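In: what shape does this take:
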Amino acid sequence: MRGTVIIFMKAPVAGRVKTRLGADIGFGRAAALFRILTQRTIMQSVKGGWRTLLSVDPPSAAHASARFWPAHLPRVPQGRGDLGRRMTYAFENAPKGPIIIIGADAPGLRTRHLRQAFAALQGADAVFGPAADGGYWLIGLNRRRAAPDLFNRVRWSTKHALEDTLRTLPTHFDVRMLETLADVDEAGDLPMIGAAASAQLPRRIDGSHAASQSFAETGGFNMKWVGVVLAVIIATGLFLFYGVLPQRFDAKTNVVLAHEPYAVSDEARLLHGTIPVADLHADTLLWKRNPAKRQSRGQTDLVRLREGGVALQVFTAVTKVPPDMNLDENAADKDSLTLLMAAQGWPPRTWFSIYERAAYQADRLLKLESATPNEFVFVRSASDLQRALDQGKLGGVYGIEGAHPLEGNLDNIALLRDRGLRVMGLQHFFDNELGGSLHGQSGAGLTAFGEAAVDEAVRQGMIIDVAHSSEAVVRDVLARTEKPVIVSHTGLKGHCDTARNIPDDLMKAIADHGGLVGVGYWEAAACSTTPQGIAAQIVYAIDLLGLDHVALGSDYDGAVTTGFDASELPALTQALLDAGLDEESIRAVMGGNAVRFFLEHLPAE
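Out: The predicted model follows:
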């Protein structure tokens, strides 16, 4: 299994790093030295081919510009507390596989040392790189066995650090040692970095040039006040990053257009109140909100869904998104969700693992069920759905928008199924290991892995969702499985000719295969956002596909702008009445078809 090197480092700012050395040679020169050592350490790690993460302090530096560190390397903020708590946090939240943590100030570190450490962890539980001063420059764990007391009462920054840490390991642990290296803490240690590196350091400025010297080096500004100012700046940055920006982004991304209250007749309200409304797609789990409470932003929460009469909602996990989400073409090499997840306070394990992102969102749905047992049921089976309907609770089915959380491993299908996955979308906005996306670059059909994944998902009782799949993938899936599939959120190209919608003949093939098509509420899908415009597309879909194959697929909270939120769904019932549909047809489209489909195709128990 691929290993990970986590490099602990501080932002190389004068007065914040190498302060003992700075007292000898000047804080500016000490910071410059730290930059050199940081660059060397990163280079030695990257050369090895394993995953390299930068664990940085202060936390705001994880999201700053790339002026300190290479832009392509992922950065995570260090946790709170002493060094032991921060390293524990790193070990617990790192990707799967063996983990090595190193500092950035051991000039003798080479790639071979890291390679030796990973080799040791193939058989050992832990590995250390001892430092000459009694500490250590490397610690590695294979994480196959727990070490519950690790770092308990370690005397950090003393000659006892390594001794104390070894004492906290379980007695049965197999521990290996690498060679001893030294770090640079004082002026006497400078020869270790070499003459070439020493020559790169800026000249220390004497008193005659004090006016051009940094405040930290001259003492011309009280360092206490510098610290206060820095603390205020950092606290403000953290508040904005974690407390303000995610909510503003959410509010600007998931928009309900301002409108006068929709006129809904008593007839429509009475009819709507008797319908178990069902929706095939909402991305509620992506956002930093408590879904159990009414929210002032976005389009869904448990309160608004219940007000809208929703009895069945498919909650879909978004796990990777290209920066622009172009309808025509997107590459698969960029992901804009990492920063959002960090800002929303998601566990670091989700920042660099697509599987972990899917697992985390499944856990969110489980927590919603635990928090609201009288209102919500996490639906894993037909019997769960029937129970939710009988008890008047909202039933939530868990799905993924694109099967890239499999990360090329078929075993992850079973792991996600155990977490409640029942709807597996194959692609999102880019080509993946399973095949081409409608918005990707290849237009390809199912790959060999995609064929195997579809077969395994169907075998395990999952419903396949081909929303966002290329036309070739859709045709391959229909040819491969006898089970009906869904298009959870879409439009009809004959009604709304955009790049978001697949041709009508392919939609008809899905319906002829027994499938279900969820009609979306946003402009690119329906060429309208009004209840009347959505109703017009539903009427078109019924005429094309047949009544039994049409359902709702809002794409609520999926970075779309809509004309109404979940609480206003009676306005859609009114619009369908106004469009001339009879009550039986409205019941079928607004929920009956989807409820029937899931009762038939979810696992029985």
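In: would you map the strands across the stretch 201-350 of the chain?
Out: 255-256, 277-282, 310-317 (DSSP state E, counting those that start in this stretch).
In: among those strands, which is nearest residue 538?
Out: strand 277-282 (13.1 Å; CB to CB). In short, each C-beta sits where N, CA and C put it, glycine included.
In: tell me what the closest one is packed against?
Out: Applying 3 or more CB pairs under 8 Å, 6 or more residues apart in numbering; DSSP states H and E, one finds that strand 277-282 contacts strand 310-317, strand 486-490, strand 516-519, strand 550-552, helix 593-601.
In: quick one: average confidence on that strand?
Out: Strand 277-282 shows a mean pLDDT of 98.
In: what of stretch 21-40?
Out: Averaged over stretch 21-40, pLDDT sits at 76.
In: and that stretch, C-alpha only, in CSV?
Out: Once non-C-alpha atoms are left out, stretch 21-40 reads as follows in CSV (Å, rounded to 0.1, in the frame of the first residue of the first chain):
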residue,chain,number,x,y,z
LEU,A,21,19.4,30.4,16.0
GLY,A,22,18.0,33.8,15.2
ALA,A,23,19.3,35.1,18.5
ASP,A,24,22.8,34.1,17.3
ILE,A,25,22.7,35.1,13.6
GLY,A,26,19.6,37.3,13.2
PHE,A,27,16.0,36.3,12.7
GLY,A,28,16.0,37.2,9.1
ARG,A,29,19.0,34.9,8.3
ALA,A,30,17.5,32.2,10.5
ALA,A,31,14.2,32.4,8.5
ALA,A,32,16.2,32.3,5.2
LEU,A,33,18.0,29.2,6.4
PHE,A,34,14.8,27.5,7.3
ARG,A,35,13.5,28.2,3.8
ILE,A,36,16.6,26.4,2.4
LEU,A,37,16.2,23.4,4.7
THR,A,38,12.5,23.3,3.9
GLN,A,39,13.2,23.2,0.1
ARG,A,40,15.8,20.5,0.6
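In: quick one: buried residues of that stretch?
Out: Of the residues in stretch 21-40, 21-22, 24-40 count as buried by neighbour count, 16 or more other CB atoms under 10 Å.
In: same check, this time on stretch 346-362
Out: Across stretch 346-362, burial judged by 16+ other CB under 10 Å covers 346, 348-362.
In: stretch 434-443 too?
Out: For stretch 434-443, a neighbour-count test (16+ other CB under 10 Å) marks 434, 435, 436, 437, 438, 439, 440 as buried.
In: what are the bridge partners for the second one, then?
Out: Residue 435 has these beta-bridge partners by DSSP bridges: residue 432, residue 446.
In: how close does it sit to residue 426?
Out: In this view, residue 435 and residue 426 are 7 Å apart by CB to CB, to the nearest Å.
In: go on, residue 547?
Out: Applying CB to CB to residue 547 and residue 426 gives a distance of 26 Å.
In: those two: which is more packed in?
Out: Each of residue 547 and residue 426 has its neighbours counted (other CB atoms under 10 Å); residue 426 has more, 31 against 15.
In: any idea of the pLDDT on that one?
Out: 98.
In: pretty sure it is in contact with residue 402, am I right?
Out: Yes: Residue 426 lies in contact with residue 402 (CB atoms under 8 Å); the separation is 6.9 Å.
In: can you tell me which of the strands of the stretch 201-350 of the chain is packed in deepest?
Out: strand 277-282 (a mean of 29; mean count of other CB atoms under 10 Å).
In: just the residues contacting it, thanks.
Out: 299-300, 308-316, 399, 401, 467, 486, 488-489, 516, 518, 520, 551-558, 566, 569, 590-595, 598 (CB atoms under 8 Å, 6 or more residues apart in numbering).
In: distance from the chain centre to that strand, please.
Out: 22 Å (CA atoms, centre = their mean, to the nearest Å).
In: now swap in stretch 516-535 and tell me
Out: Centroid separation between stretch 516-535 and its chain, computed with CA atoms, centre = their mean, is 28 Å.
In: just to revisit the earlier point, intersection of neighbour lists for residue 426 and residue 402?
Out: Each of 432, 468 lies in contact with both residue 426 and residue 402 under the rule CB under 8 Å, 6+ apart.
In: verify the stated contact: residue 423 with residue 488.
Out: Yes: the criterion here is CB under 8 Å, and residue 423 meets it with residue 488 at 7.1 Å.
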